[in-house]
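>>> Next one to model:
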Amino acid sequence: MFAIGRLLSTLAKASTVLGTICVTLMMLHVTADVVGRYLFNAPLIGTIVIVANYYMIVLVFLSIGVAEEKRAHISVEVFTDMMPERPRKVLDVFSGIFTVGVISLVAWGGYLEAVKKTNLGATKEQGSAMIEIWQSYWAIPVGATLMAAVAAYRVVTQITGARSGLDETDENAKFIND
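From the prediction side, this is the model:
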C-alpha cells in the first residue's frame with residue numbers, strides 16, 4: 001500500500017514540474033509577444049490561443065491532483081469541527097468517495113471529448129493562422145485521473161488504517177489549510 005502512495009506522490013511531483021515549466025513558458029511567451037508587439041510591431045501569432053488552450057488548461061488540470069494530495073482544496077469545517085472524531089472520519093470517507101465519483105465523471109467526459117477533438121484535429125483561428133489545440137484536451141482526463149486516484153487511495157487508507165505514503169506535509173499547504 002505504502003508504495004502506491006509513493007508512486008502517486010511521484011506522479012504529483014511530476015505534474016508540479018510540468019506546471020512549473022508551463023508557467024515559465026507562458027511568462028516567456030507573453031513577454032516575447034508584448035516585446036514583439038510594442039517594440040518591433042511584430043506580435044507572435046497565436047499567443048492568446050496558446051495561452052488559453054495550452055498553458056492554462058495544463059496548469060489547472062494537472063494541478064488538481066497535487067491539490068488533492070496536499071489536501072489544499074477548499075473545505076468548510078464549521079460543523080464538522082464540533083463533531084466527535086468517529087462521525088468526522090465517516091464524513092471524510094463519504095466525501096472522499098463522492099470526490100472519486102465526481103472526478104471520475106470529469107475524467108471520463110474529458111477522455112471522450114479528447115478522443116473526439118483528436119479525431120477531428122481541432123483547431124482555433126487567430127488572425128490568419130489556424131492553431132491545433134486538440135492536444136490540450138488530453139490534460140483534462142490525465143489531471144482528473146490523477147486526482148481521482150489520489151482521492152481513492154486516501155479513502156482506502158482511511159478505511160484500512162494503512163500508512164498512506166502520500167506526501168501531505170507540504171508547508172505551504174499546511175499554512176493554507178490552517
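
>>> Name the nearest residue to Lys89, ignoring sequence neighbours.
Nearest non-adjacent residue to Lys89, counting by Cβ to Cβ, 6 or more residues apart in numbering: Gln158, 6.8 Å away. For the C-beta atoms, the positions are set from N, CA and C on the backbone; glycine is no exception.

>>> For whatever helix or strand that neighbour lives in, name the packing helices and strands.
Gln158 belongs to helix 139-160 when assigned by DSSP states H and E. With contacts taken as 3 or more Cβ pairs under 8 Å, 6 or more residues apart in numbering; DSSP states H and E, helix 139-160 sits against helix 2-39, helix 56-69, helix 85-120.

>>> what's the offset of stretch 134-145 from the middle of its chain?
In terms of Cα atoms, centre = their mean, to the nearest Å, the gap separating the centre of stretch 134-145 from the centre of its chain is 9 Å.

>>> And it, what's buried?
For stretch 134-145, burial by neighbour count (16 or more other Cβ atoms under 10 Å) applies to Trp134, Ser136, Tyr137, Trp138, Ala139, Ile140, Pro141, Val142, Gly143, Ala144, Thr145.

>>> Ala67 - nearest residue in space that isn't next to it in sequence?
His73 (5.4 Å).

>>> ok, how many other residues are close to that neighbour?
14 (other Cβ atoms under 10 Å).

>>> That one should be in a strand, yeah?
No - assignment of His73 by DSSP: H, G, I helix; E, B strand; the rest coil gives coil, placing it outside any strand.

>>> could you measure it against Ile133, distance?
Distance of His73 to Ile133, computed by Cβ to Cβ, to the nearest Å: 27 Å.

>>> ok so, going back, for Gly46, state which of the buried residues of stretch 134-145 is nearest.
Ser136 (12.8 Å; Cβ to Cβ).

>>> contacting residues around the closest one?
By Cβ atoms under 8 Å, 6 or more residues apart in numbering, the residues touching Ser136 are Asn53, Tyr54, Ile57, Val58.
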